[in-house]
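[1] One predicted model, sequence on top.
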Amino acid sequence: MAVTTARPAAKPAPAAKGAAPAEEAAAPAPKKKSKLILIVVVLVVVLLLAGGGAAAWYFMSGSAGDKAAAPADKGKSAAKEKDHKPPVFVNLEPFTVNLAPEGADRYLQTTIVLQMSDDKAADALKVYMPVIRNRFLMLLSSKRPSELETVEGKQKLVGELVAAAQAAIPGSTPERGAAGALFSTFVIQ
C-alpha cells in the first residue's frame, strides 16, 4: 500500500497591477450580500417592534371614539365629574312580614338598603323613616310568594319600593332622591 501525503495547495501568484479586476470583485460579494440581509432583518425587527408598540399604546390609551371627542365635550365631562357625587346608602332595619296567603302560611325576611342621590336626601329619608317603613311593610305583606320567587318579580318589587320611598318624602325630586333599592338579605319561608 502506498501512502500518499497531501501537499499544501500552491498560493496563487499575486496579480499584476492591471490584471483581473473581475476576480477581485467576485471575492468581496458574499460579504455585501450578508450585510444586506443583516440590514433587512434588523429593519424588519424594528418595524415589527414599532408596530407592536403602537398597537399596545392604541389599545391601552382607550378607544378611538374617546379620542375623537371635541374639546368642548371634554370640558363638559370634566364639569360633570366635579358635580357628580357618589351615592349615599342607607341601611334599613330588617323586615319580617307574612306574605299574602297562597296555600300554606309563608313569610318574608329581608333587609333593604336604599340608594339616595346625596346627603340631603339621606337626611330627609331619616326624618320620614316611620312613614317609609310603614309603606314598605304594607307593600311587602301584599305580595304572594310566587310573585317574589322570580328575578323579574324581585326587580318589580325594587321599582315599587323606590316609588314608595319617593312618595313618602314630600318635596321636589332632588329632595326625594331615592335612586334605588338593594336587597342585602331575602328569605322566603
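    That came through, no problem. Numbers count the residues shown, from 1 in each chain.
[2] All the strands of the chain, residue numbers only.
    In the chain, the strands defined using DSSP state E lie at 88-91, 95-98, 107-116, 178-188.
[3] Could you point out which residue ranges in the protein have low pLDDT?
    Scanning the chain for pLDDT under 70 picks out 1-31, 62-84, 172-176.
[4] sorry, back to before: ranking the strands of the chain by mean neighbour count, which comes first?
    Highest mean neighbour count of those: strand 107-116, a mean of 18 (counted as mean count of other CB atoms under 10 Å). No exception for glycine: its C-beta is placed from N, CA and C like everyone else's.
[5] what helices or strands is that strand leaning on?
    If you count contacts as 3 or more CB pairs under 8 Å, 6 or more residues apart in numbering; DSSP states H and E, strand 107-116 packs onto strand 88-91, strand 95-98, helix 119-127, helix 129-141, helix 151-168, strand 178-188.
[6] Now with 6 Å, please.
    Identification of packing neighbours for strand 107-116 by 3 or more CB pairs under 6 Å, 6 or more residues apart in numbering; DSSP states H and E yields strand 88-91, strand 95-98, strand 178-188.
[7] which strands and helices sit next to the first one?
    Strand 88-91 makes packing contacts with strand 107-116, helix 119-127 when contacts are defined by 3+ CB pairs under 6 Å, 6+ apart.
[8] ditto for the longest one
    Applying 3+ CB pairs under 6 Å, 6+ apart, we find strand 178-188 packed against strand 107-116, helix 151-168.
[9] which residues sit in contact with L47?
    Contact analysis of L47 by CB atoms under 6 Å, 6 or more residues apart in numbering lists nothing.
[10] R106 now?
    With contact set as CB under 6 Å, 6+ apart, R106 has these partners: L99, P145.
[11] how close does the nearest residue to E147 once chain neighbours are set aside sit to I39?
    Nearest-residue entry for E147: G153, 4.7 Å, with adjacent residues in sequence omitted and distances by CB to CB, 6 or more residues apart in numbering. With distances taken as CB to CB, to the nearest Å, G153 is found 72 Å from I39.
[12] Cheers, nothing more for now.
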